[in-house]
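Colleague: got a predicted structure here, sequence first:
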Amino acid sequence: MANKFNAWIEAVRLRTIPVSIAGVLTSIGYAVYDNKFCWLPATLCLLFAVLAQVASNFANEYYDFKRGFDKVGREGPRRSVTEGDISPKAMRNATFATLGVACLIGLSLTYWGGLRLIAVGILIAVGVLAYSTGPYPLSHHCLGEVAVIVFFGLIPVNLTYYLQTGCWSTEVMLGSIAIGLMGANVIIVNNYRDIDDDMTVGKKTLTVVMGLGFSRWLYLVNGLAAIALVARIWLSCSAAWLVIPIIYIAVHIALFVKISHLRGRALNKMLGMTAMLMFFYSLGFLLMCSLN
């Protein structure tokens, strides 16, 4: 029983969950900054974001197994379906059950966003599956990073802000791109780690097509560009708060240097640290907006 439970926890991929949380925290920060924070839709958006990501992680494991993209003893974390810890049917059912619960939560958000929100919900649900399956799986055609920018940056940050405030903001749009770029770095580390496995099975990630050098530098540029995009709001606050983006940049550069010297399983820790850096940045941003 314990082994089965651990297998499901591994399938959730807890080290990546901060990516979905960060977008909602950032959006809450903007709403607080504008004195328009509304806790209920924000909380529902957080639940929706986490469940959608878990469903995406389950779908990725199930459909990569079905397509033969995973193999026993891969460099990344243990894949429970491939290793026989969880049956393909159970993982498929868990994917759609989790996505179904997320959709129910999404429907409740129409109270604040109206029925037109259903179209956005359908887009997100399709995106959860399209990342790993369908006629043109995004993660298999160099579009994994783009998908993360859209579904973990643009959509959650702007939509959560809108559901709290009833309006859109250029400043929030820039912040959503910044969060998206930070999230894309998690995928970059993931694909950087898996390049040998992906090349073996013909999976065309951006790293496979463009090479390790390109991915390393893209990782660095993404993090620096993210801070540049939100520089105005940081510079408008008390100087003491600048310690947060400064720490982010310093740790980001340190991770870039470390990643440049690692391969394979050694990068698992770097993936988790990249996700946690994104989370702590968004938490610091929320604190700044709340206390400045």
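Modeller: Yep, it's here.
Colleague: which stretches of the stretch 151-292 of the chain form helices?
Modeller: Ranges of helices in the stretch 151-292 of the chain, per DSSP state H, counting those that start in this stretch, are 155-165, 170-193, 195-201, 206-210, 212-229, 231-235, 243-259, 268-291.
Colleague: may I see the buried residues of the third one?
Modeller: Residues of helix 195-201 classed as buried under the neighbour-count rule (16 or more other Cβ atoms under 10 Å) are 195, 197, 198. C-beta: built from backbone N, CA, C; applies to glycine.
Colleague: identify, from those residues, the entry nearest to residue 285.
Modeller: In terms of Cβ to Cβ, no member of those lies closer to residue 285 than residue 195, at 32.2 Å.
Colleague: count of neighbours near the residue nearest to the closest one when sequence neighbours are not counted?
Modeller: Of all residues not flanking residue 195 in the chain, residue 207 sits nearest, at 5.2 Å (Cβ to Cβ, 6 or more residues apart in numbering). The burial count assigned to residue 207 is 27, neighbours taken as other Cβ atoms under 10 Å.
Colleague: for residue 219, same thing?
Modeller: Residue 219 has 24 nearby residues by other Cβ under 10 Å.
Colleague: isn't it up against residue 189?
Modeller: Yes. Contact criterion Cβ atoms under 8 Å: residue 219 and residue 189 qualify, at 7.1 Å.
Colleague: who touches both of those two?
Modeller: Taking Cβ atoms under 8 Å, 6 or more residues apart in numbering as the criterion, residue 219 and residue 189 both touch residue 259.
Colleague: can you check which of the helices of the stretch 151-292 of the chain gets nearest to residue 107?
Modeller: helix 155-165 (13.0 Å).
Colleague: check for me that residue 57 belongs to a helix.
Modeller: Yes. According to DSSP: H, G, I helix; E, B strand; the rest coil, residue 57 belongs to a helix.
Colleague: contacting residues for it?
Modeller: The neighbours of residue 57, taking Cβ under 8 Å, 6+ apart as the test, are 11, 12, 13, 16.
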